[in-house]
Structures are given as structure tokens and as C-alpha cells.
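A.B. asks: What shape does this take:
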Amino acid sequence: MIRRIPTRLPSPFLMALVLCSALGSLPANATGIPALERPAIQTAKARNTVLLDIARAGERLVAVGERGIVLLSDDAGATWRQARVPVSVSLTAVQFVDAERGWAVGHMGVVLHSRDGGETWSKQLDGVRAAQLALDDARQHVHAPDGEKRVKDAEWLVKDGPDKPFLALYFKNRDEGYVVGAYNLIFRTRDGGASWQPWLRHLDNPESLNLYAIRAAGGRLYIAGERGLLLRAEADGDRFEALESPYDGSYFGLLGMPSGELVAYGLRGHAYWSGDRGDTWSPIETGLETTFSSATPLHDGELLLASQAGELLLSQDRGRTFQPAGAGGASVAGIVQAPDGSLVSVGLGGVARPSTAQR
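C.D. replies: Numbers count the residues shown, from 1 in each chain. A predicted model of the protein is given here:
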């Protein structure tokens, strides 16, 4: 079912997302312009606002966060400037497939696209349109198994309005990509976002659990989410089937390697490694009890795992084991390695530049 009551309190990291939802999804400002139509405010304090993700666009860094803020840096994070964005809703995730083409997703079902390295953005999808697409698709397949239930769920999506966020995205190239989010929301594009297809009925997720991450590894696609949800699809992404999970808590992220190995990480220091396409998982001894919020591959093949408290762990064996590598000194919602090899993170306090003991 789409409408359900959460069974557990969110972690502090998710609390930040809820806060940003309240800030960035307000229906209108004093002018009465809805957040989906109101451009993000330009502010000199943008670097210190709540930021939720960061990515590379070639040699450039692109960070996204509350109220539609997008920041750009062309000097490895030393200085930042604010891009112009057509919405004021909070943005939760960003990815670029090259130096020019990128996408960002966020609250109120927003999907934004940039063709110029993040300088300018256009809206490709929002929660109003997404809900209608889901309803149209459900009605077309009403005679399929659970078809009537899916129609009712989609009708609730339309009735609720654009109140559900997208939380993660994965693009294979300039054309093929997915966006995922709360309550089993998933949409696919094969034309760079010019059109989007609801993909909800292609997931083995009967409880409509939240989807927090989507990544590729070894030619396959994986989704991680709420209450231990792990899903896998072949390269075509036609059907995401449930995997046996070693953990019943929420996963907030995935690291996928070209070799096919995977790291799933989430609540209270829990992380797991798989070397067989997710068929089996081994617990990773992290020594932490704080929630993991981000991870990134490094230039030398090492992997970096970050907690929401700024603790950093480093792996030199493709994710089988991790060792303490220092503390970022600030909350971490997203982290990336800059072109010069330094680390740049974002979180509740904005931009930070952590260092590790090994670097």
C-alpha cells in the first residue's frame, strides 16, 4: 500500500531530509508562488546551508541541498558559486554522467536536468506529473496480478499531491536512467528524461518500502531501501527481484564495483559485502554505531565510507574490510574525491574538506 504509518523513527540523517522537506516543500512564499514554480533564492550563505549530496561533473564539483540550492566549484572545493535553479524544493541527490550532462532529484517528486555542467537546470518531472503517470500505467495494467491494488495506490498518489520525494538516482549514460524514492517510487527513462515511465510494478516490493539507493555493479542493477530491502535486476532493468537480506534495518546506500562486488550500508554502523551478485552477504566489522550516510570510490581503487557524524573508513580490498581513516569533523550527507585528490563533503553545516590519516 502507498499510504502507511512508519514503523520506526527515522535516523538523524533522515531527520535532515524530513527537515529539508518541511523547508523546501512549503506550498508558497509570501508571493503565493508554489515551490515547484519558484526559482531558488540566491544567497551569499549558500555554502553553509544544509547540503545533501555532491558529485563530480568532469573537473567540476556540484553540490545540492535545501530549498533548491545548487553549488558549483571549479577549484576542488576551495570556492563556490550558486547555480540558477527553477524550483525551491530541497534536492536530495545528484549525478553527472560526464562534464556536461547531469540530473538532480528531490522533494515533491522533482527531477532536474542540466546540459552545461550544472550552470543551468530545467525541470523534467515533478510529483504531480509522476502521480498521473503512475495512475495511467496502473489503469493500463489493471488486469495484471495486484492490478486493482496498484490502481488504488496510484489514485492515492494523485490525491495526496506532490508530497513524496525522490531520494536517489542512477544514470548509465546520457539516455538511460532511473530515479527512486519514498513508498516504492521508481521511474525509468530511455531518452535522457524527455519522457519517464513508471516502473513500480517491476519491483518485488509488495509493502511499498522506501527506496534509498540504486547502483550498478558488474552489469546488473541493485536497489537498497527500508527494512532490509535489497533488489537486483539484470542489465535491462526489466524486473527487480528481492534478494535475501542479512539485516532487517534500513540501508541508506550502495557501492557497486565493475567487478560485481557490492557494499550495502545503513543504520547504526551496519555494512555488508557481497562478492556473488548479492546472493550472499558478509558483515563488515566497522567498529561504529553511527549511521553510514555516504560512500565513494577513490582514484587509487580504494573505497571510502562515511558516517553521518563525519567518521571515515577506508577499504583497500574492494570493500571486504574497512579501517578507521580519520574524522571529517562535520556531519556528512555526501562525500566525493575532488580532481586534485582531496576529499570534499557536504552535510548539515554545508561544505567541508575532511582529510584521512592515509592521505
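
A.B. asks: switch to C-alpha atoms for all contacts and neighbour counts from now on
C.D. replies: OK.

A.B. asks: Mind jotting down where the helices sit in the stretch 101-250 of the chain?
C.D. replies: All helices of the stretch 101-250 of the chain, identified by DSSP state H, counting those that start in this stretch, fall at 127-140, 147-160.

A.B. asks: between the first one and helix 147-160, how big is the angle?
C.D. replies: This points to helix 127-140. Put simply, helix 127-140 runs at 160 degrees to helix 147-160, going by axes from the mean of the first three to the mean of the last three C-alpha atoms, to 10 degrees.

A.B. asks: packing partners for helix 127-140?
C.D. replies: helix 147-160, strand 197-198 (3 or more C-alpha pairs under 8 Å, 6 or more residues apart in numbering; DSSP states H and E).

A.B. asks: Can you add mean neighbour count, mean pLDDT and distance to Ala78 and give these back as TSV?
C.D. replies: Listed next are the helices and strands packed on helix 127-140 as TSV, based on neighbours: other C-alpha atoms under 10 Å; pLDDT from 0 to 100; distance: least, C-alpha to C-alpha, whole Å:
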stretch	mean neighbour count	mean pLDDT	distance to Ala78
helix 147-160	18	93	42
strand 197-198	19	98	39
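
A.B. asks: Save those as a markdown table, and put in distance to Asn184 too.
C.D. replies: Listed next are the helices and strands packed on helix 127-140 as a markdown table, based on distance: least, C-alpha to C-alpha, whole Å:
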| stretch | distance to Asn184 |
| --- | --- |
| helix 147-160 | 11 |
| strand 197-198 | 11 |
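
A.B. asks: do you know which of these lies nearest Gln140?
C.D. replies: helix 147-160 (9.0 Å; C-alpha to C-alpha).

A.B. asks: low-confidence ranges in this protein?
C.D. replies: 1-32, 328-329, 356-359 (pLDDT under 70).

A.B. asks: circling back to that earlier point, nearest approach to Gly301 belongs to which of the helices and strands packed on helix 127-140?
C.D. replies: In terms of C-alpha to C-alpha, the element of those nearest to Gly301 is strand 197-198, at 35.0 Å.

A.B. asks: quick one: which of the helices of the stretch 101-250 of the chain is nearest Leu343?
C.D. replies: helix 127-140 (33.8 Å).

A.B. asks: in that closest one, what's buried?
C.D. replies: 127-139 (16 or more other C-alpha atoms under 10 Å).

A.B. asks: Mind picking the one among those that's closest to Pro339?
C.D. replies: Nearest to Pro339 among these, with distances taken as C-alpha to C-alpha, is Gly127, at 34.9 Å.

A.B. asks: Now that that closest one has come up, it's in contact with Met108, right?
C.D. replies: Yes. Judged on C-alpha atoms under 8 Å, Gly127 makes contact with Met108 at a distance of 5.2 Å.

A.B. asks: shared neighbours, the two?
C.D. replies: 162-164 (C-alpha atoms under 8 Å, 6 or more residues apart in numbering).

A.B. asks: Would you format these as CSV with neighbour count and distance to Leu348 included?
C.D. replies: Below are the shared contacts of Gly127 and Met108 laid out as CSV (neighbours: other C-alpha atoms under 10 Å; distance: C-alpha to C-alpha, whole Å):
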residue, neighbour count, distance to Leu348
Pro162, 20, 25
Asp163, 15, 22
Lys164, 22, 21
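
A.B. asks: Nearest residue to Ser150 in space, ignoring adjacent ones along the chain?
C.D. replies: Careful, residue 150 is Arg and not Ser. Ala138 (5.8 Å; C-alpha to C-alpha, 6 or more residues apart in numbering).

A.B. asks: Could you list which residues are in contact with that neighbour?
C.D. replies: So Ala138 contacts 147, 150-151, 154 (C-alpha under 8 Å, 6+ apart).

A.B. asks: Compute the distance between Arg201 and Asp146, please.
C.D. replies: 9 Å (C-alpha to C-alpha, to the nearest Å).

A.B. asks: Those two: which is more packed in?
C.D. replies: Arg201 (22 against 13; other C-alpha atoms under 10 Å).

A.B. asks: which secondary structure element contains Ala306?
C.D. replies: Element membership of Ala306 [criterion: DSSP states H and E] is strand 303-307.

A.B. asks: Run me through the strand neighbours of that strand, direction for each.
C.D. replies: Applying DSSP bridges, strand 303-307 is found paired with strand 292-297 (antiparallel), strand 311-315 (antiparallel).

A.B. asks: Throw these into TSV and include distance to Gly192, thanks.
C.D. replies: Formatted as TSV, the strands paired with strand 303-307 follow (distance: least, C-alpha to C-alpha, whole Å):
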stretch	distance to Gly192
strand 292-297	24
strand 311-315	34
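
A.B. asks: Let me see the contact set for the nearest residue to Arg277 once chain neighbours are set aside.
C.D. replies: Nearest residue to Arg277, sequence neighbours excluded (C-alpha to C-alpha, 6+ apart): Gly260, at 6.1 Å. Gly260 makes contacts with 217-220, 275-277, as judged by C-alpha under 8 Å, 6+ apart.

A.B. asks: Repeat that for Ile214.
C.D. replies: 168-170, 180, 221-224, 253-254.

A.B. asks: do that again at 6 Å, thanks
C.D. replies: Residues near Ile214 by C-alpha atoms under 6 Å, 6 or more residues apart in numbering: 222-223.

A.B. asks: May I have the beta-bridge partners of it?
C.D. replies: In beta-bridge terms (that is, DSSP bridges), Ile214 pairs with Ile223.

A.B. asks: Same question for Tyr251.
C.D. replies: Gly266.

A.B. asks: what about it, how many neighbours?
C.D. replies: 29.

A.B. asks: quick one, what contacts it?
C.D. replies: Here Tyr251 is in contact with 224-225, 265-266 (C-alpha under 6 Å, 6+ apart).
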